[in-house]
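Colleague: would you be able to build a 3D model of this:
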Amino acid sequence: MKNTVLASIVFLAFSLNTAGQKEAFVDHKLVPDHSVESKINKRSYELYVSLPKGYSAKDSLLYPVLYYLDGALLYYTFHGTRIVLDLDREIEKVIIVGIGSSETEIRTWFDNRHTDYSPSYSKETDLKYNTKTKSGGASKFLAILKNEIIPFVDAHYKSNDNRGLVGSSLGGLFTAYCLVKEPKLFNRYGINSPALWWQDKEVLKMEKSFPKQNSKLNIKVFASVGALDPAVDMEKNMIAFCNSLKSSNYKGLEVSSKVFDGETHMSVIAAQVSRTLTSLYGVKKK
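Modeller: Okay, here's the model as predicted:
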């Protein structure tokens, strides 16, 4: 009898709890704030915007803007991390904008990023990943950023000319490419798990001619990788890229890096987001 009563109470409690969960359930679907139709490549890019605490259209304050790649995929990671860091005022007030491209469909997202983030055409890599689009669209995507996406954000939000760019994996490769190709478009770079192996390390080679063009910069760079990343020479290439930047003795260039112990190519992402924000936008405590 006691067991029957106990079972009934447990079942009732479970039923009420389940019913309560159903009533309180919210489907947090991510909807982009804006969609920008590119005239350059005839594709649309979705923007996911996270505004700093206290942002208001009624005052005259202007804010730096941090752009990050793979917008929908990483929105909650960036937005949630920023909320936590804001609690103790650990970072500057910054507008954070994620840039996505058809990220509701995984195959299309993969193909689009494969094209946009790669500096050159690689038939071998295209065949390896069975992509429906050709690699080598980085120069075109850089033009889209410069001439379409950034002007759109500047027109709709209270931004200043302090801009940052963050990418991971192929996005990290593209961010490194932007640094050596057109360094003054951004002044803060988050280069995470960069696929610097692309086309026989061509971006690493591009950096070698960088000093001749840029003797004075006002740039802050943070680079990182997971120690357990399975990609060949991922850690070695990242360190080589940072060391090359440091050895050139650019005026006004700050470079920091981090190898995250015990983290893989995917598990490291959350740690990278937090460290990127504090490294590029950290507030020094008195």
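
Colleague: could you use CA atoms for every contact and neighbour count after this?
Modeller: Noted.

Colleague: so where's the stretch 51-200 of the chain uncertain?
Modeller: For the stretch 51-200 of the chain, the stretches flagged by pLDDT under 70 are 103-104.

Colleague: which residues sit in contact with Gly172?
Modeller: Gly172 makes contact with Val166, Gly190, Ile191, Asn192, Ser193, Pro194, Ala195 under the criterion C-alpha atoms under 8 Å, 6 or more residues apart in numbering.

Colleague: can you tell me which of the residues you listed is closest to Asp229?
Modeller: Ser193 (8.2 Å; C-alpha to C-alpha).

Colleague: how about TSV for the contacts of Gly172, with secondary structure added?
Modeller: Listed next are the contacts of Gly172 as TSV, based on DSSP: H, G, I helix; E, B strand; the rest coil:
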residue	secondary structure
Val166	strand
Gly190	strand
Ile191	strand
Asn192	strand
Ser193	coil
Pro194	coil
Ala195	coil
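
Colleague: filter these down to the buried ones and hand me the PyMOL line.
Modeller: To isolate in PyMOL the members of the contacts of Gly172 that are buried, counting by 16 or more other C-alpha atoms under 10 Å, one can use:
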select buried, resi 166+190+191+192+193+194+195
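
Colleague: which one among the contacts of Gly172 gets closest to Leu245?
Modeller: Nearest member of those to Leu245, counting by C-alpha to C-alpha, is Ile191, at 12.8 Å.

Colleague: can you map out the helices along the stretch 151-286 of the chain?
Modeller: 170-181, 198-207, 210-213, 234-247, 269-281 (DSSP state H, counting those that start in this stretch).

Colleague: between those, which gets nearest to Pro64?
Modeller: Minimum separation from Pro64 across these (C-alpha to C-alpha) falls at helix 269-281, 9.5 Å.

Colleague: now that closest one, how far from the centre of its chain.
Modeller: Centroid displacement of helix 269-281 relative to its chain, using C-alpha atoms, centre = their mean, to the nearest Å, is 10 Å.

Colleague: buried residues in that helix?
Modeller: Within helix 269-281, the residues that count as buried by 16+ other C-alpha under 10 Å are Ile269, Ala271, Gln272, Val273, Ser274, Arg275, Thr276, Leu277, Thr278, Ser279, Leu280, Tyr281.

Colleague: ditto for stretch 124-139
Modeller: Asp126, Thr131, Thr133, Lys134, Ser135, Gly136, Gly137, Ala138, Ser139.

Colleague: list just the nearest of these to Phe174.
Modeller: Nearest member of the buried residues of stretch 124-139 to Phe174, counting by C-alpha to C-alpha, is Ala138, at 6.8 Å.

Colleague: wait, isn't the closest one in contact with Tyr121?
Modeller: No - the criterion here is C-alpha atoms under 8 Å, and Ala138 misses it with Tyr121 at 9.8 Å.

Colleague: my guess is Tyr117 contacts Gly167, does it?
Modeller: No - using C-alpha under 8 Å, Tyr117 makes no contact with Gly167, being 9.3 Å away.

Colleague: who touches both of these two?
Modeller: Leu173, Phe174.

Colleague: can you report how many residues neighbour the residue nearest to Lys258 when sequence neighbours are not counted?
Modeller: The shortest distance from Lys258 to any non-neighbouring residue, by C-alpha to C-alpha, 6 or more residues apart in numbering, is to Ser224 (4.7 Å). For Ser224, the count of nearby residues is 28 (other C-alpha atoms under 10 Å).
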